[in-house]
Structure formats: C-alpha cells, structure tokens
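Novice: Need a 3D model of the following:
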Amino acid sequence: MNIKYVLKKRPFGIPEADIWERQTEPIPQISEGEVLIKHHYISLDPAMRGWMNEGKSYIEPVNLGDVMRAGTVGIVEASKHPNIKVGEFITGWGGVQNYTVTNGKGWHKIDAKLAPLPMYLGVLGMTGMTAYFGILEVGKISTGDIVLVSGAAGAVGSVVGQIAKLKGCTVIGIAGGQEKCRYLTETLGFDAALDYKSDSFVNDLKQACPKGIDVFFDNVGGEILDLALTKLRRHARVVICGAISQYNTKTRIKGPGNYLSLLVNRATMQGMVVFDFADKYLEAAQHMAGWIQSGQLKSEETIIEGIDNFHNSFLKLFSGDKQGKLLLKVV
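Specialist: This next block holds a predicted model:
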C-alpha cells in the first residue's frame, strides 16, 4: 500500500494539518522504461513552505491535488529501465509518499556503502550543495574573512560555517538557544555562537565582530538580516539563501530598513538558488565527501520515523525543535 500526502489547499500562515490530505492506493505498477522506488527517507526543508504558495518563484508551485514535493532517497524495487537495476539506491524528487514511479530523469544513483543514506539528502545532497555554492560561489569567501551565518545550527548554516572555517575564515554563528550555540563552537568549531533569543543578543553581536563582517550568509531574514546590514565592512557580500522568519507571516513581509549600508560600504546582496549550479554538483560532492572522510566536515540529522508524522515533523522547521538536517524515515 502506498501512503501519500496530497496538497489540498494553500496555507495562510503556519500550515495546519488539513492543508494536506492523506491518501492510500495500491503500490503503483511500472511500464517500459520506468522504475518503482520504495522510499527510505524524505527530506523536510524550509523551501517546501514556499512551494505551497501560488505565484511566481524560482520553481513552479505544487499544484493542488499533487503529492507534496520533497526530496527522497530509496531503493529500486522493480525496474523496466535499461540503466537502473533492482536493489540500487537512488535519490530524487519522490515526494511525501512511500513509493514513486519514475523514468529516471532527474534521479541519481548513490552508493550506500560510501555514506549513510540520510547524508545523501543532507550534506551530500541539496543541503550540502546549497551551502557549498552559496558560501564559495556567491559569498566569494577569502582567507581571513569574517563570516556571519544565521540559522547556523540548521542543515545549510551548519555546513556553511564549517566550509568557511576550512577556508581560513573567522566564523560567527547565530542560533536559537544555548545548547545549539555550544554545538556550533564545541562540535563544529565555530569561533563564536550567538543566541538570538538572549536579551543581550545585539550587544553580543557587537562584541563578536567589532570590526564588522565581510560575508553574511542569511537563512532567516527579518530583524536579523536588518541588524547584520549594520555590521558590513567595505565590499561585504550578503548571501540571501532563505528567510524562514518570514515564510509563515500573515502580514506584509519585513524588508531590510538598513539597506543603505550596501551603498555606504559598496557591498552586494545576492539571492542564491542551488539549481543554478547543477552542472557543478559532482565537483562539489567530491570535495564534500573528501572533507567528511578526513573528519573536517561533520553532519547531524534529526530523524523522525513514520510517514504519518509528516505534519508534526514539518512544523519543527519553524519551531527550531531540531538540529542539523530534518528527515522523515519511511522504512
């Protein structure tokens, strides 16, 4: 039996459980040139919230009545495809369901012996690619740069900070709560970690980067972005990767009031979408795998079991009740 979660209506604010409809159907049959994939893990990402909205974006919204879009990794259970065999592991956009049928386009084989399956949706998947290209290609970091990362204990931010450290930067992370801040400094090697929930946050930021910052990698938006703009140094780069603080707002999105700092400091602010770097994924994955094997790059996953925990698990993206990459284990 295939259990799937179908988008039933567009959310307003934080998605309620009735945004999706749980449906069951027989396990799909395949035709010539197709494969049947049984999912093991489903990726839960902040971007999914934007995909539910109608309107222009970097990717088409999920249509009402369609399975909720999500990255997946699973095993090939049946194949009528000439180049994909039963028993191979494969990753792609399978959606929030137990099984999917595909002709293989846009899917990639993975080696489960080289790394655990969850890593292929995290540090070796879109999360890792986003961090890699966001900080290196868009952030253009150089040795000695002072790098500030918001959402630093999250899936992307934690990798961004580690890559920046590998490249000889001073890295300051912003996270919610002292436990996450300790994780950043004690486990991941950040130079400093600031708790944005603390009453002393603004002063702590001043003390952490008295000379300002060269790169701000932003996953949060809102007030933290506005504050970071006041810390820019000459020719600083601001990378807009996400704005999770604004995704569920029911009012007008809060834009940066301190944007003139870009003018004064001859700084740049650029949005980044990982799909723009698709032709370089293999190169990035090779570098990331090397760093993992050498112990220079660490990853952490928050894994929740059971596809019927989809809604409650998804909300953890916005409550902050998780660390690193958030995944749903299907089997």
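
Novice: which stretches of the protein form helices?
Specialist: According to DSSP state H, the chain carries its helices in the segments 47-51, 126-133, 155-166, 178-182, 201-208, 222-229, 260-264, 281-293, 310-319.

Novice: what's the most buried one of the ones you listed?
Specialist: Of all the helices of the chain, helix 155-166 carries the top mean neighbour count, a mean of 27, counting by mean count of other CB atoms under 10 Å. (Each C-beta comes from the backbone N, C-alpha and C, glycine too.)

Novice: Report the inter-axis angle for it versus helix 310-319.
Specialist: With axes from the mean of the first three to the mean of the last three CA atoms, to 10 degrees defining the directions, helix 155-166 sits at 50 degrees from helix 310-319.

Novice: Remind me what helix 155-166 packs against, helices and strands.
Specialist: helix 126-133, strand 146-149, strand 170-175, strand 213-218 (3 or more CB pairs under 8 Å, 6 or more residues apart in numbering; DSSP states H and E).

Novice: For these, give me a markdown table that also has mean pLDDT and distance to Lys250.
Specialist: Shown next, in a markdown table, are those (pLDDT from 0 to 100; distance: least, CB to CB, whole Å):
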| stretch | mean pLDDT | distance to Lys250 |
| --- | --- | --- |
| helix 126-133 | 96 | 27 |
| strand 146-149 | 98 | 28 |
| strand 170-175 | 98 | 25 |
| strand 213-218 | 98 | 22 |
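
Novice: how about these in TSV, adding distance to Tyr5?
Specialist: TSV is the format used below for the helices and strands packed on helix 155-166 (distance: least, CB to CB, whole Å):
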stretch	distance to Tyr5
helix 126-133	20
strand 146-149	32
strand 170-175	29
strand 213-218	30
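
Novice: closest to Lys325 out of the ones you listed?
Specialist: Closest to Lys325 of these is helix 126-133 (CB to CB; 5.7 Å).

Novice: okay, the closest one in CSV with CA atoms only?
Specialist: In CSV, the C-alpha atoms belonging to helix 126-133 read as follows (Å, rounded to 0.1, in the frame of the first residue of the first chain):
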residue,chain,number,x,y,z
MET,A,126,20.8,19.6,-1.9
THR,A,127,21.6,20.9,1.6
GLY,A,128,25.3,20.5,1.1
MET,A,129,25.2,21.8,-2.5
THR,A,130,23.4,24.9,-1.3
ALA,A,131,26.0,25.5,1.4
TYR,A,132,28.9,24.8,-0.8
PHE,A,133,27.9,27.1,-3.7
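
Novice: what sits up against that helix?
Specialist: Here helix 126-133 makes contact (CB atoms under 8 Å, 6 or more residues apart in numbering) with 43, 45, 71, 121-122, 155-157, 159-160, 163, 241, 272, 274, 276-277, 280-281, 284-285, 287-288, 325.

Novice: and the angle for that helix with strand 213-218?
Specialist: Following the same axes, to 10 degrees, one obtains 160 degrees for the angle between helix 126-133 and strand 213-218.

Novice: quick check: angle from helix 126-133 to helix 281-293?
Specialist: Between helix 126-133 and helix 281-293, the angle comes out at 100 degrees (the same axes, to 10 degrees).

Novice: Which one of the helices of the chain lies nearest to Pro26?
Specialist: With CB to CB as the yardstick, what comes closest out of these is helix 310-319 (20.5 Å).

Novice: Which neighbouring elements make contact with that closest one?
Specialist: Secondary-structure packing of helix 310-319 (3+ CB pairs under 8 Å, 6+ apart): strand 35-44, helix 47-51, strand 301-305, strand 325-329.

Novice: got TSV for those, with distance to Asn83 and mean pLDDT too?
Specialist: Output for the helices and strands packed on helix 310-319, formatted as TSV (distance: least, CB to CB, whole Å; pLDDT from 0 to 100):
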stretch	distance to Asn83	mean pLDDT
strand 35-44	10	98
helix 47-51	29	93
strand 301-305	30	95
strand 325-329	27	96
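
Novice: about what we covered before: of all the helices and strands packed on helix 155-166, which lies closest to Gln97?
Specialist: Shortest distance between Gln97 and the helices and strands packed on helix 155-166, using CB to CB, is found for helix 126-133: 18.6 Å.
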